[in-house]
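[1] give the three-dimensional model of this entry:
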Amino acid sequence: MIALVAALLLLGVLLGSVAQLPFSVSLVAAAVIAGWLALFAVREQLARHRSE
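    Model (predicted):
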């Protein structure tokens, strides 16, 4: 859960500065955050599946 909060906090900081960044840098940052959240979701799903 703390990883999700950290990701949302980082996303908020990036969205605040996204107007100052080039579009390509914004896309890379968005892809990194999306990858991190996807990995987190997969890990949680696997952990839930194993506990059943």
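[2] please identify the helix or strand for Gly12.
    helix 2-17 (DSSP states H and E).
[3] remind me, longest helix of the protein?
    As far as residue count goes, and with DSSP state H defining each element, the longest helix of the chain is helix 23-51.
[4] now do the buried residues in it.
    Along helix 23-51, these residues count as buried under the neighbour rule (16 or more other CB atoms under 10 Å): Ser26, Ala29. Bear in mind the C-beta positions are built from the backbone N, C-alpha and C, glycine included.
[5] tell me which other helices or strands it touches.
    Taking 3 or more CB pairs under 8 Å, 6 or more residues apart in numbering; DSSP states H and E as contact, the helices and strands that helix 23-51 lies on are helix 2-17.
[6] now the helix it packs on: mean pLDDT?
    Per-residue pLDDT values across helix 2-17 average out to 79.
[7] cool, and stretch 36-48?
    Computed over stretch 36-48, the mean pLDDT rounds to 92.
[8] gap between it and the chain center?
    With CA atoms, centre = their mean, to the nearest Å as the basis, the distance from the averaged C-alpha position of stretch 36-48 to the chain average is 12 Å.
[9] equivalent analysis for stretch 23-38, please.
    Counting by CA atoms, centre = their mean, stretch 23-38 is centred 7 Å from the centre of its parent chain.
[10] which residues touch that stretch?
    Contacts to stretch 23-38, defined as CB atoms under 8 Å, 6 or more residues apart in numbering, come from residues Ala3, Leu4, Ala7, Leu10, Leu11, Leu14, Val18, Leu21.
[11] now do 10 Å
    The contact list for stretch 23-38 (CB atoms under 10 Å, 6 or more residues apart in numbering) reads 3-4, 6-8, 10-11, 13-15, 17-22.
[12] state the distance from the residue most central in space within the chain to Pro22.
    Note on the chain: the residue nearest the mean C-alpha position is Ile33, at 3.0 Å, using CA atoms, centre = their mean. Relative to Pro22, Ile33 is positioned 17 Å away (criterion: CB to CB, to the nearest Å).
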